[in-house]
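please work out how this folds:
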Amino acid sequence: MYYTIKSLLDSHSKNLISLNKKDVEVCLCHIINKPRTFIHLNPEYEITKSQYKQFQGFIKLLKNGQPLAYVIGNEEFYGYEYFINNDVLIPRSETEIIIPEILKYGDKIFEENNKLTIIDAGSGSGCIGLTIASERPNWNIILIEKSLKSIDLLKKNHDHYLHKNCTIIATDWLKGINQNIADIIVSNPPYIDFGSKYVDKNVYKFEPHHALFSDNKGLSDIKTLVSQARFTLNENGLLFLENGFDQSDKIMDILKENYYEDIDIILDYNGIKRFTISRSSYYG
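Reported below is the predicted structural model:
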């Protein structure tokens, strides 16, 4: 027995009703290595036995609540495809908002100095740092990550794009990094309180807790990063932080306590104070 695209989807229509139709189609497209338009324009395309079995496995994972990115093993971010597994967070579309801001500020610095070093602290999949590396191949990008499992995936994404302007360093935040070497530091650190009631159950179940949760009401890692960054940044260097929906005021206080100035807030698509930009006035 063989299946076509149409017969496969039709035969599972009742079982798939609880699933997102797009997710199901993306799984099938991933398996047959075709774009989504293909399955709509070619309903009689034949599915092999091995592709059928793989599709069955993907559907089972989706039914268990596993996020699509983990099921197919990749996720798009800012127009680039990144390998993803459950050792790293799934890149979010709202994080893309910070990329044009970094490019804008970085272009000014590069124009003045003809060089630029950016540190992506807590890189995970590398989606932030590697995207910047792709957009600006003349900039020097340092990717920092402490999880060895995450570094394995980070290297895979790095090698996929053959970046020559990137360095991967295994360290706990900025510990051991030379002073005054970075013009910009960007980070999407763990910022969720362990007791938070606002975490989606599938996020809690499947995504790595070390990249989600932090002590001290979600502020512990941010405090560490802010404190360390003032030594790693060049004079007037910039710090870009992603933060939780209710943390903006507290983070501004932390920044001021650590000699950061010109603090600016960027909203996400829902009007939430999602990003904090600041300039270090400390130069030790």
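
after the helix or strand harbouring residue 105, next one along is what?
Element membership for residue 105 (DSSP states H and E) is helix 98-113. Reading on from helix 98-113 to the C-terminus, the next helix or strand found by DSSP H and E is strand 117-121.

how about that following strand as PDB, C-alpha atoms only?
C-alpha atoms of strand 117-121 as PDB (Å, rounded to 0.1, in the frame of the first residue of the first chain):
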ATOM      1  CA  THR A 117      33.500  43.100  18.500                       C
ATOM      2  CA  ILE A 118      30.200  41.800  19.700                       C
ATOM      3  CA  ILE A 119      29.700  39.100  22.400                       C
ATOM      4  CA  ASP A 120      26.500  37.000  22.400                       C
ATOM      5  CA  ALA A 121      26.400  35.800  26.000                       C
END
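
related to what we said a few turns ago, neighbouring contacts of the helix holding residue 105?
78, 116, 118, 128, 131-132, 135-136, 138-139, 183-184, 186, 238, 240, 242, 266, 275, 277 (CB atoms under 8 Å, 6 or more residues apart in numbering). Where you see a C-beta, it was placed from the backbone N, CA and C, and this is true even at glycine.

filter the residues you listed down to the buried ones, ChimeraX style.
In ChimeraX syntax, the buried subset of these is picked out as below (16 or more other CB atoms under 10 Å):
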select :78,116,118,128,131,132,135,136,139,183,184,186,238,240,242,275,277
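
keep only those of the contacts of helix 98-113 that are in strands.
Within the contacts of helix 98-113, residues falling in strands by DSSP state E are 118, 183-184, 186, 238, 240, 242, 266, 275, 277.

just name the closest of these to residue 146, please.
residue 186 (16.3 Å; CB to CB).

excluding its backbone neighbours, what's nearest the closest one?
Spatial nearest neighbour of residue 186, excluding adjacent residues (CB to CB, 6 or more residues apart in numbering): residue 240 at 4.1 Å.

now do the contacts for the one you found.
Going by CB under 8 Å, 6+ apart, the list of residues near residue 240 reads 98, 101-102, 184-187, 275-277.

which one of these is nearest to residue 6?
residue 98 (41.8 Å).

what's the neighbour count on that closest one?
Neighbours of residue 98 under the rule other CB atoms under 10 Å: 22.

same deal with the one 5 residues further on?
Residue 103 is surrounded by 15 other residues when neighbours are defined as other CB under 10 Å.

circling back: what's opposite the residue nearest to residue 186 in the beta bridge?
residue 186, residue 277 (DSSP bridges).

what score does it have for pLDDT?
In the predicted model, residue 240 carries a pLDDT score of 98.

cool, residue 14 as well?
67.

how much space separates the residue nearest to residue 186 from residue 279?
Using CB to CB, to the nearest Å, residue 240 is found at 11 Å from residue 279.

how about residue 117?
16 Å.

tell me the contacts of residue 43?
4-6 are the contacts of residue 43 under CB under 8 Å, 6+ apart.

tell me if residue 263 really is in a strand.
Yes. Residue 263: assigned to a strand according to DSSP: H, G, I helix; E, B strand; the rest coil.

thinking again about what came up before, tell me the one of the contacts of residue 240 nearest residue 261?
residue 277 (11.0 Å).

in this structure that closest one contacts residue 263, no?
Yes. Counting by CB atoms under 8 Å, residue 277 touches residue 263, with 7.2 Å between them.

pLDDT-wise, which helix or strand of the protein ranks last?
Every helix and strand in the chain was compared by mean pLDDT, DSSP states H and E; the lowest is helix 13-16, with a mean of 68.

just the C-alphas of the helix holding residue 105, formatted as CSV.
Provided in CSV are the C-alpha atoms of helix 98-113 (Å, rounded to 0.1, in the frame of the first residue of the first chain):
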residue,chain,number,x,y,z
ILE,A,98,16.6,43.3,18.7
ILE,A,99,18.6,42.4,15.6
PRO,A,100,18.0,45.6,13.6
GLU,A,101,18.7,47.6,16.7
ILE,A,102,22.1,45.9,17.2
LEU,A,103,22.9,46.4,13.5
LYS,A,104,22.0,50.1,13.7
TYR,A,105,24.2,50.8,16.7
GLY,A,106,26.9,48.5,15.5
ASP,A,107,27.1,50.2,12.1
LYS,A,108,27.8,53.6,13.8
ILE,A,109,30.6,52.1,15.9
PHE,A,110,32.1,50.3,12.9
GLU,A,111,32.0,53.4,10.8
GLU,A,112,34.0,55.3,13.5
ASN,A,113,36.5,52.6,14.4
